[in-house]
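Asker: I'd like to go over a predicted model; first the sequence, then the structure.
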Amino acid sequence: MVPEAEVKDVLDELQRLRARVPLLTGALAASTDGLIVARDTPGIEAEGVAALTAAALGVAVRMSDATRRGGFRELLIRGENGYIATYAAGSSAVLTLLAEDRINVGRLHLEGRRAGARIGELVDAAQDRADRPAPPVRPQQSGGLPRRETPPDPT
């Protein structure tokens, strides 16, 4: 899982993205297995969208492989009321954006790809730190000479 500091950075990126692209109605970053990293999705059940994103990603990856088109980069779905765009975000995450039907799709791709790259860097760096073995624990040193006990006064 992604540490809290990186979750905040990812959420900040999602919020900046939504501010830059006003016709976005939601944005979420999730692991490739469907667990939410961060979300800015008012009025949307984000856990379900993250799970469906993972399922769609699995099909998209298999389709890319079967047609020899290389690794997954993005997926765009157009419905009657707007778009759902999913972008690769590093090696272990995806960015899913929800947009109104009037959005400029070129701008959606431009901003989605940039945000996906930034989120991927954050998530991958957090994952790399988590995968590194912890340094060995060193014994504490007092930093001074040992105290000398004085024997009790015999008188």
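Answerer: On my side now, so go ahead. Numbers count the residues shown, from 1 in each chain.

Asker: Low-confidence regions, this structure specifically.
Answerer: Scanning the chain with the threshold set as pLDDT under 70 gives 1, 134-136, 138-155.

Asker: just the helices in it please.
Answerer: 4-20, 46-66, 105-131 (DSSP state H).

Asker: And the contacts of the first one?
Answerer: Defining contact as Cβ atoms under 8 Å, 6 or more residues apart in numbering, one finds that helix 4-20 is touched by 2, 24, 27-29, 37-40, 97, 111-112, 115, 118-119, 122-123, 125-126. C-beta: built from backbone N, CA, C; applies to glycine.

Asker: Kindly recompute the last result at 6 Å.
Answerer: In this structure, residues lying in contact with helix 4-20 by Cβ atoms under 6 Å, 6 or more residues apart in numbering are Leu24, Ala27, Ala29, Val37, Ala38, Asp40, Ala115, Arg118, Ile119, Leu122, Ala126.

Asker: can you name the two of the residues you listed that are farthest apart?
Answerer: Spatial extent of the contacts of helix 4-20 (Cβ to Cβ) is set by the pair Leu24 and Ala126 at 24.3 Å.
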